[in-house]
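A.B. asks: attaching a predicted model along with its sequence, questions to come.
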Amino acid sequence: MSLRTIALATGLCLFAASSAVFADETPHLVPAPAFSPAPTGAGPQQLTVSGGCFWGIQGVFEHVRGVTKAVSGYTGGKADTATYETVSDGDTGHAESVQITYDPAIVSTARLLQIFFSVALDPTMVNAQGPDSGSQYRSEIWAATPDQARIAKAYIAQLDAAHAFAAPIATRVDPLGGFYPAERYHQDYLTLHPDALYIAVNDMPKVEALRRLFPKDYVSTPVTVLASAN
């Protein structure tokens, strides 16, 4: 049983800052994407990303203007292994992911990726983020369309060329296969448990960085999954 599973079972995150090797997730504003084509088609779009524990990724994007829903889930493996207990073994091919539904007339795919790389993770880490390690915590962008793949690949190349990070970006770009929503108790975890030690140490600083670095994109009231389901 992982420490994070124990935290869920007890209702209190048992992580201590001294008990794990942390990634350098210090938020900093990276350059805006140079390649940001106009969206094709009308209506909402979806972008799916992975970057460590889905609690923090979901919590960040629930505060982004133009996002109408951000759902925690699993991507990269098969449907019959898309459960937290199974994915936590690290051998299912799944990554903890967040599927973001957004209005491209308000926020672009490129802007979402700038937020992702600026505040949500350390994209130079391989199979790890913060105190978590394993392939299920890898950094990945799951492109739903060829345009999303082109935007993501061009942006990663741009950031690497600009030496935006101290090491090359390890974030992968792959086609989106199946996305499987996580269990109900994982949804809106940051909003529901802002004082849990894991959230307070690892994830609330990301939301604060979003507010500070992207003030025009930040909304104080999150768009939550559980509220939209009622």
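C.D. replies: Alright, I've got the coordinates. Numbers count the residues shown, from 1 in each chain.
A.B. asks: low-confidence stretches in this protein?
C.D. replies: Scanning the chain for pLDDT under 70 picks out 1-25, 230.
A.B. asks: SS state for the most centrally placed residue in the chain?
C.D. replies: In the chain, the C-alpha nearest the mean C-alpha coordinate belongs to I57, at 3.2 Å (CA atoms, centre = their mean). Following DSSP: H, G, I helix; E, B strand; the rest coil, I57 is assigned to helix.
A.B. asks: where does the nearest residue to it once chain neighbours are set aside fall, secondary structure wise?
C.D. replies: Nearest residue to I57, sequence neighbours excluded (CB to CB, 6 or more residues apart in numbering): V98, at 4.4 Å. All C-beta atoms are positioned from the backbone trio N, CA, C, and that covers glycine. Assigning secondary structure by DSSP states H and E places V98 in strand 95-102.
A.B. asks: Provide the strand pairings for that strand, with the direction of each partner.
C.D. replies: Sheet partners assigned to strand 95-102 using DSSP bridges are listed as strand 45-51 (antiparallel), strand 67-75 (antiparallel).
A.B. asks: what's the next helix or strand after that strand in contact with?
C.D. replies: Next along the chain after strand 95-102, taking DSSP H and E as the criterion, comes helix 109-115. The contact list for helix 109-115, computed with CB atoms under 8 Å, 6 or more residues apart in numbering, reads 30-33, 35-36, 39, 45, 47, 60-61, 64, 67, 100, 102, 141, 147-148, 151-152, 155, 210, 214, 217.
A.B. asks: which of the residues you listed are buried? Put it as a PyMOL command.
C.D. replies: Selection of buried members from these for PyMOL, criterion 16 or more other CB atoms under 10 Å:
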select buried, resi 30+33+36+45+47+60+61+64+67+100+102+141+147+148+151+152+155+210+214+217
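A.B. asks: show me the contacts of helix 109-115 that map onto strands.
C.D. replies: The strands, defined by DSSP state E, take in 45, 47, 67, 100, 102, 141 from these.
A.B. asks: who does the fourth one form a beta bridge with?
C.D. replies: This means I100. With DSSP bridges as the criterion, I100 is bridged to L47, A70.
A.B. asks: just the helices in this structure please.
C.D. replies: 3-10, 54-61, 84-87, 109-115, 146-161, 189-192, 197-198, 204-213, 225-229 (DSSP state H).
A.B. asks: tell me which of the ones you listed sits nearest to S133.
C.D. replies: Proximity to S133 (CB to CB) singles out helix 3-10 among these, at 11.1 Å.
A.B. asks: hang on, D217 packs against F61?
C.D. replies: No. If you go by CB atoms under 8 Å, D217 and F61 don't touch, sitting 10.3 Å apart.
A.B. asks: tell me the contacts of L190?
C.D. replies: Here L190 is in contact with 55-56, 58-59, 62, 199, 203-204, 207 (CB under 8 Å, 6+ apart).
A.B. asks: pretty sure the residue nearest to the centre of the chain contacts Q129?
C.D. replies: No. If you go by CB under 8 Å, I57 and Q129 don't touch, sitting 9.3 Å apart.
A.B. asks: quick one on the thing from earlier: looking at the helices of the chain, which is nearest to D174?
C.D. replies: Going by CB to CB, the one of these nearest D174 is helix 146-161, 8.4 Å.
A.B. asks: what lies in contact with the closest one?
C.D. replies: By CB under 8 Å, 6+ apart, the list of residues contacting helix 146-161 reads 30-31, 33-37, 39-40, 47, 109-110, 113-114, 117, 141, 143, 165, 168-169, 171, 173, 175.
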